[in-house]
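**Student:** no sequence on this one, just coordinates:
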């Protein structure tokens, strides 16, 4: 029995909470293939002093090197609308489905994903919104750094 | 005196050769700010078993966390037309100039970069082309993996 998008989102939210508890940017992701979570990840800008470890890219890195045939059956689950880099990573690997927790606090590359044929589901999840609203209020400079804003 | 695009490319080509000599994908990059190379990088899929360390993303990671005001004065120099992920990383950080060694062996996100206002220069450099042609002939499976192809 396959999981609902909301059930899949729980894996990404657990990662976002972990990121928050580590003092980082509270965005999490999970890569699901054939109904199984094959990797999770969260934004580690602060934890690793990283410019490229966003939730989705951290998750892809944790998943390791996978053949195209696996990505072709995958769903990328993320708590927040993916930025341009993470949108590009999803497109590079031709991941056909993306589940997004919310896009109110940040609107990323969803239109490009859809234009390139990716199936995008946005859940408007209250916990995802609260995690980001609290973070942006607490750490506006860090948030702007993470999305390339002055 | 500012460097020409061909002079800047030499830094990225040196990285691509390093990648080749390490047994990896021979693509290199350099981030140049105010005429100074602030970081270099090369594709490390093989070396780090990485799904996200392409030339440009490795270079951005090596550059560390930078404020938007620095990226705003930067040029990303890369030996090969950037894939969707690296295109997205350039857009995320609003890097205004991109110098590309060649786009014959792979045509990435140049049109999207230009559509989003990025100044793109393609040099059609014979060494960059030769590095990739040799690599693709030697390691077609690895190359397809790197660009998400079956």
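**Tutor:** Sure, I can see it. This is a predicted model, so every value here is computed, not measured.
**Student:** What helix or strand is the closest residue to residue A:31 other than its chain neighbours located in?
**Tutor:** With CB to CB, 6 or more residues apart in numbering or on different chains as the measure, residue A:39 is the residue that lies nearest to residue A:31, at 4.7 Å, once sequence neighbours are left out. In this view, the C-beta of every residue, glycine as well, is placed from N, C-alpha and C. Assigned by DSSP states H and E, residue A:39 belongs to strand A:36-42.
**Student:** buried ones in that strand?
**Tutor:** Residues A:37-42 are the ones in strand A:36-42 that count as buried (16 or more other CB atoms under 10 Å in any protein chain shown).
**Student:** Residues touching the lengthiest helix in chain A, excluding its own?
**Tutor:** Ranked by residue count under DSSP state H, the longest helix found in chain A is helix A:5-21. Under the contact criterion CB atoms under 8 Å, 6 or more residues apart in numbering or on different chains, helix A:5-21 has outside partners A:25-30, A:32, A:37, A:40-44, A:47, A:55, A:59, A:75, A:77-79, A:99, A:101, A:121, A:123, A:125, A:127-128, A:131, A:135.
**Student:** what about the one residue in chain A that gets nearest to chain B, neighbour count?
**Tutor:** Using CB to the nearest CB, the closest approach of chain A to chain B is made by residue A:88 at 2.6 Å. Neighbourhood size, residue A:88 [other CB atoms under 10 Å in any protein chain shown]: 31.
**Student:** My read is that it contacts residue B:108, right?
**Tutor:** No - when contacts are counted by CB atoms under 8 Å, residue A:88 is not listed as touching residue B:108 (9.5 Å).
**Student:** overlap in contacts of the two?
**Tutor:** Residues touching both residue A:88 and residue B:108 by CB under 8 Å, 6+ apart: B:83-84, B:86-87.
**Student:** and chain A, which of those reach it?
**Tutor:** Restricting these to those near chain A by CB under 8 Å from any CB of the partner chain leaves B:83-84, B:86-87.
**Student:** Next, the buried residues of stretch A:114-131.
**Tutor:** By 16+ other CB under 10 Å, the buried positions in stretch A:114-131 come out as A:118, A:120, A:122-123, A:125, A:128-129, A:131.
**Student:** Keep only those of the residues you listed that are in helices.
**Tutor:** In this view, these that belong to helices under DSSP H are A:128-129, A:131.
**Student:** Could you save those as TSV and add columns showing distance to residue A:17 and pLDDT?
**Tutor:** Shown next, in TSV, are these (distance: CB to CB, whole Å; pLDDT from 0 to 100):
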residue	distance to residue A:17	pLDDT
A:128	10	98
A:129	14	98
A:131	7	98
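**Student:** Let me know the secondary structure of the residue nearest the centre of chain A.
**Tutor:** In chain A, the residue lying closest to the centroid (CA atoms, centre = their mean) is residue A:78, at 3.0 Å. Secondary structure state of residue A:78, per DSSP: H, G, I helix; E, B strand; the rest coil, is strand.
**Student:** And it, how close does it get to residue A:9?
**Tutor:** For residue A:78, the distance to residue A:9 (CB to CB, to the nearest Å) stands at 9 Å.
**Student:** who touches both of these two?
**Tutor:** Shared contacts of residue A:78 and residue A:9 (CB under 8 Å, 6+ apart): A:99, A:101.
**Student:** on that earlier part again, compare the ones next to chain A among the shared contacts of residue A:88 and residue B:108 and tell me which is most surrounded.
**Tutor:** Neighbour counts for those (other CB under 10 Å) peak at residue B:86, which has 31 neighbours.
**Student:** Contact partners for it?
**Tutor:** A:88, B:54-57, B:78, B:108-109.
**Student:** Name the member of those residues with the most neighbours.
**Tutor:** Busiest of these [other CB under 10 Å] is residue B:56, holding 34 neighbours.
**Student:** so it sits in a helix?
**Tutor:** Yes - Residue B:56 sits within a helix when classified using three-state DSSP.
**Student:** What's the separation between the closest residue to it other than its chain neighbours and residue A:61?
**Tutor:** Closest residue in space to residue B:56, ignoring its immediate chain neighbours: residue B:86 at 3.9 Å, by CB to CB, 6+ apart. Computed with CB to CB, the distance linking residue B:86 and residue A:61 is 15 Å.
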